[in-house]
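K.L.:
The sequence and its predicted three-dimensional model are supplied below.
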Amino acid sequence: MKSLIDHARSFSVQVAERRQEFRELAAGQTPQALFITCSDSRVIPSLITGARPGELFELRTAGNIVPRHDTERPSAEAATIEYALRVLDVRDIVICGHSHCGAVGALVRGDDLSGVPSVRDWLGLGVPELPAFGDLGRAVRHHAVAQLDTLHGYPVVRERIAEGRLSLHAWYYEVDTGAISAHRPGPGGEFGPL
C-alpha cells in the first residue's frame with residue numbers, strides 16, 4: 001500500500017506538469033467508448049487500449065457482467081450505460097473478457113460459492129448457462145458475447161443501434177501475452193486478432 005500512497009501524494013506534481021491537459025479534462029469528458037470489463041486487477045483498460053484520461057468511460061463488474069435491464073430495480077450498471085449513451089453520446093461499447101477469469105472459471109468448474117454468497121448471487125444474475133467447454137478461454141469468449149446479447153435488452157442500446165449510432169464489440173484479453181482478439185459477428189461467431 002505504501003507505494004500507492006506515495007504515488008497518490010506526488011500525483012499533483014504530475015498534474016501541475018500537464019496543467020493544460022488536466023484543465024481541459026476539468027471542463028468535461030468526451031470518451032470514445034464505454035469499456036465494460038472485469039474488476040480483476042490484472043485488466044487495466046487504459047493500459048490495454050493506450051487511452052488517455054477522458055477517452056474511456058469504464059464500467060467494471062465481477063466477471064464483466066451486464067445485468068438484465070429491469071425498470072423495477074435500478075442498478076449502477078444500468079445508470080452507467082444510460083449515462084454513457086444519452087449524456088456522453090458514446091458510439092461504441094466494448095465488453096472485454098479475459099483469460100484466467102476467476103468468475104467464469106468458478107462457474108465452469110461448478111465451484112461451491114456458498115462462502116461468498118454475494119458473488120454467487122451476482123454471477124447467477126448475469127451469466128447464462130455456459131456450455132461445457134474444454135478450456136476456460138472459450139467459455140470466457142462465449143460469456144462476453146452473451147453480455148452483448150444482454151445489452152440488447154436495454155432500451156437505450158436498442159434505440160441507438162436502430163439509429164445507426166452505436167456499435168457493440170466483444171473482446172478477449174490474454175493476461176499472460178497481452179494479445180487481444182475480437183468477436184466476428186455472423187455464422188460461426190469466431191474470435192480473431194483485433
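P.N.:
Thanks, I have it. Residues are numbered from 1 along each chain as shown.

K.L.:
from here on, contacts and neighbour counts on C-alpha atoms
P.N.:
Noted.

K.L.:
Count the neighbours of L123 for me.
P.N.:
21 (other CA atoms under 10 Å).

K.L.:
Contacts only, for the most centrally placed residue in the chain.
P.N.:
The centroid of the chain falls nearest to I36 when counting by CA atoms, centre = their mean (1.6 Å). Applying CA atoms under 8 Å, 6 or more residues apart in numbering to I36 gives the contacts E58, L59, R60, T61, N64, I93, V94, I95, C96.

K.L.:
7 Å instead, please
P.N.:
E58, L59, R60, N64, V94, I95, C96 (CA atoms under 7 Å, 6 or more residues apart in numbering).

K.L.:
Check which helices and strands the one helix or strand the third one maps to sits against.
P.N.:
R60 belongs to strand 56-61 when elements are defined using DSSP states H and E. Using 3 or more CA pairs under 7 Å, 6 or more residues apart in numbering; DSSP states H and E as the contact test, the elements touching strand 56-61 are strand 33-38.

K.L.:
May I see the buried residues of the helix or strand following the strand it packs on?
P.N.:
Later in the chain than strand 33-38, the nearest helix or strand by DSSP H and E is helix 45-49. By neighbour count with 16 or more other CA atoms under 10 Å, helix 45-49 contains the buried residues P45.

K.L.:
which residues sit against helix 45-49?
P.N.:
Contacts for helix 45-49 (CA under 7 Å, 6+ apart): R52.

K.L.:
Likewise for stretch 172-181?
P.N.:
Against stretch 172-181 from outside (CA under 7 Å, 6+ apart): R42, C96, G97, H98, S99, R141, W171, A182, F191, G192, P193, L194.

K.L.:
how distant is it from the center of its chain?
P.N.:
Chain-centre distance of stretch 172-181: 14 Å, with CA atoms, centre = their mean, to the nearest Å.

K.L.:
Endpoint to endpoint, it covers what distance?
P.N.:
One end of stretch 172-181 sits 5 Å from the other (CA to CA, to the nearest Å).

K.L.:
Repeat that for stretch 71-79.
P.N.:
End to end - CA to CA - stretch 71-79 spans 11 Å.

K.L.:
and if you look at stretch 163-180?
P.N.:
29 Å.
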